[in-house]
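1. Model the following, please.
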Amino acid sequence: MTTPLIPRPKHIRVLPADDHPMMTAVLRSEMIKRPNIILLPQVFSLEDVLPAIERERADVVFLDAHMPHSVGEPSDSHIASILIDLTTSHPLLGIIVLTGYDNPIFFKHALQAGVHGIILKTEDPALCLAALDRVMVGNTYLSPAAQAMIDNPNNLTDLQIDLLRLMAQGHSTNKIAQQMNTSSSNVRQIQCRLRERFQVATNEQLIAVASQANILYGLNSAG
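-> The predicted structure follows:
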């Protein structure tokens, strides 16, 4: 349980911090259901989040922590540092991470940094109001998908498992892309996220970890 965000304001000022306008449109469609919620102007980069929080006097921020930053694509350690700065400088601010980054290790780091809620962008938008209600009374909110990933960090999608099995079979990136009917760049991106997720540096180490975790069970029937 986190520190209660009290006194509870008559109107809740919600700041959307996401570089995708569509996500803010989805958030707006939920927030307008509550007349006491004021949706503030959208923020499009990480470095603009803190100034916007202070300028707009935000009570809660829905934050895509992997938004662009002037230093380039932020690392998980850099994001954790930003989250710690936010929670330290604004202890009464509710921080709900709304993300497409399905990494349970990142989720744990975010919670350790002091965020109050985590929701995946692929989930029901109605969860945003559920999260807001819990956060505003001082509770932590984890969406069903986020909770499941934290409880079972080896829980991968079928696409991720297929990719790992093809890698273990020794296929090249281009061959994997062909078999999965996707682009080589998308294959490399998934590989990168899997390496981050399992905290390894190379694809060889990734295959070894996947094998140790029994993720490659049934390899002979794959592909």
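2. Now the spatially most central residue of the chain, what are its backbone angles?
-> The centre of the chain sits closest to residue 99, judged by CA atoms, centre = their mean, with a distance of 3.2 Å. Backbone dihedrals for residue 99, given as degrees, to the nearest 10, come out at phi -140, psi 150.
3. That one is in contact with residue 123, isn't it?
-> No: applying CB atoms under 8 Å as the test, residue 99 and residue 123 come out as separate, 10.4 Å apart. From N, CA and C alone the C-beta is placed, and that goes for glycine too.
4. And the lowest-mean-pLDDT helix or strand in the chain, what's buried?
-> None of the helices or strands of the chain scores lower by mean pLDDT, DSSP states H and E than helix 144-151, at a mean of 83. Across helix 144-151, burial judged by 16 or more other CB atoms under 10 Å covers 145, 146, 149, 150.
5. same question, stretch 188-205
-> Neighbour-count burial for stretch 188-205 [16+ other CB under 10 Å]: 190, 191, 194, 195, 197, 198, 200, 203.
6. Inside strands: which ones of those residues?
-> Nothing among the buried residues of stretch 188-205 maps onto strands, per DSSP state E.
7. okay, the buried residues of helix 144-151 in a markdown table with distance to residue 54 next?
-> Formatted as a markdown table, the buried residues of helix 144-151 follow (distance: CB to CB, whole Å):
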| residue | distance to residue 54 |
| --- | --- |
| 145 | 32 |
| 146 | 28 |
| 149 | 32 |
| 150 | 31 |
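8. Output stretch 132-152 as CSV, restricted to C-alpha atoms.
-> Extracted C-alpha coordinates of stretch 132-152, given in CSV (Å, rounded to 0.1, in the frame of the first residue of the first chain):
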residue,chain,number,x,y,z
LEU,A,132,-7.7,6.1,-10.6
ASP,A,133,-10.2,5.2,-7.9
ARG,A,134,-7.8,2.9,-6.0
VAL,A,135,-4.8,5.3,-6.4
MET,A,136,-6.8,8.3,-5.1
VAL,A,137,-7.5,6.5,-1.8
GLY,A,138,-3.9,5.4,-1.4
ASN,A,139,-3.9,1.9,-2.8
THR,A,140,-1.7,0.4,-5.5
TYR,A,141,-3.4,-0.9,-8.6
LEU,A,142,-2.1,-3.6,-10.9
SER,A,143,-4.1,-4.6,-13.9
PRO,A,144,-4.9,-8.3,-14.4
ALA,A,145,-2.3,-8.6,-17.1
ALA,A,146,0.4,-6.7,-15.2
GLN,A,147,-0.3,-8.8,-12.0
ALA,A,148,-0.1,-12.0,-14.0
MET,A,149,3.2,-11.0,-15.6
ILE,A,150,4.7,-10.2,-12.2
ASP,A,151,3.4,-13.4,-10.7
ASN,A,152,4.6,-15.5,-13.6
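9. ok now stretch 74-85, how far from the chain's centre?
-> Relative to the chain's own centre, stretch 74-85 is displaced by 13 Å; criterion: CA atoms, centre = their mean, to the nearest Å.
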